[in-house]
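Visitor: here is the input, now give the coordinates:
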Amino acid sequence: MRTVLRLLGWTMLAAITAWLICWQPWRWLPPQWDPWEPLAIEHPMTFISKWKLGRLADEPERCLDILQRAPDGAISYTALEDYTPVAGCPLTNVVRISRTGLTYNSSFTLACPLAVAWVMFERQQLQPLAEQHLGARVTRVDHFGSFACRNIYNRDNARKSQHASANALDVGAFRTADGRRISVLDDWDNSRDKTREDFLREVHSRACGYFGTVLGPDYNQPHENHFHLEGGSFGICR
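Guide: Residues are numbered from 1 along each chain as shown. Reported below is the predicted structural model:
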């Protein structure tokens, strides 16, 4: 009896394997759910998309290919060779961003996977949220920088900040097409204009699905004037 059951089990396994090989059911998965489909800017963010995003840290050529295939106007960038701008802080797999669908107060260097995450977030969340809460699109972001060769909070005995590898971006304010400036410092708690507050709080919340770590004013005093957006698959959202 045991021999018969064992034989039946192996037969069923062989049949299932043959069915999978012949029919390849994963071919009908949407690309954002297909682990074998290369990531693209247009793919909605799912946990599979985020898993693919995390792998780009070790796949610089694939990361650049995603940026090269981005929709027209999605990003203007320069791919940079690995280099060490400051002793002790080498940069690898980075790009220089001059603009995306937005303009910026200055260009900045960013780890390539974080650049992909930012453009996806901008197109899929930031702009729809701006239109929903503010009735206008965002045209410019004011940032406080991305690369800084330093430890966390500039403490001598702390570990290196993600800014030391250009794997973080600090966003201070958003400017809209109709001339408004929505500032993290001034509008995170804004009882006079709840639309600004609601916009910032939902931007912060939605960012947590795209970035490894998202820190804002509720985290601590050093972050009262900006959102800290950090690359990676896992972290905290506060």
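Visitor: domains for this protein, by residue range?
Guide: With automatic domain parsing as the criterion, the domains of the chain are listed as 1-29, 38-230.
Visitor: mean pLDDT lowest for which of these?
Guide: Lowest mean pLDDT within the domains of the chain: domain 1-29, a mean of 55.
Visitor: looking at the domains of the chain, which is nearest to R238?
Guide: Comparison of these against R238 by Cβ to Cβ identifies domain 38-230 as nearest, at 4.4 Å. C-betas here are computed from N, CA, C, even on glycine.
Visitor: okay, now the residue lying closest to R62 once chain neighbours are set aside: neighbour count?
Guide: Counting by Cβ to Cβ, 6 or more residues apart in numbering, L56 is the residue found nearest to R62 once chain neighbours are left out, at 6.2 Å. Neighbours of L56 under the rule other Cβ atoms under 10 Å: 24.
Visitor: what of N220?
Guide: Other residues within reach of N220, judged by other Cβ under 10 Å, total 11.
Visitor: which residues touch the residue nearest the centre of the chain?
Guide: The residue lying closest to the centre of the chain (Cα atoms, centre = their mean) is A117, at 2.6 Å. Residues near A117 by Cβ atoms under 8 Å, 6 or more residues apart in numbering: 53, 210-211, 231.
Visitor: in stretch 147-157, what's buried?
Guide: Buried residues in stretch 147-157, counted by 16 or more other Cβ atoms under 10 Å: 147-150.
Visitor: stretch 65-73 now?
Guide: 66-67, 70.
Visitor: for stretch 87-107, same thing?
Guide: Those would be 89, 91, 93-95, 97, 100-102, for stretch 87-107 by 16+ other Cβ under 10 Å.
Visitor: check the offset of that stretch from the chain's centre.
Guide: Distance of stretch 87-107 from the chain centroid (Cα atoms, centre = their mean, to the nearest Å) equals 14 Å.
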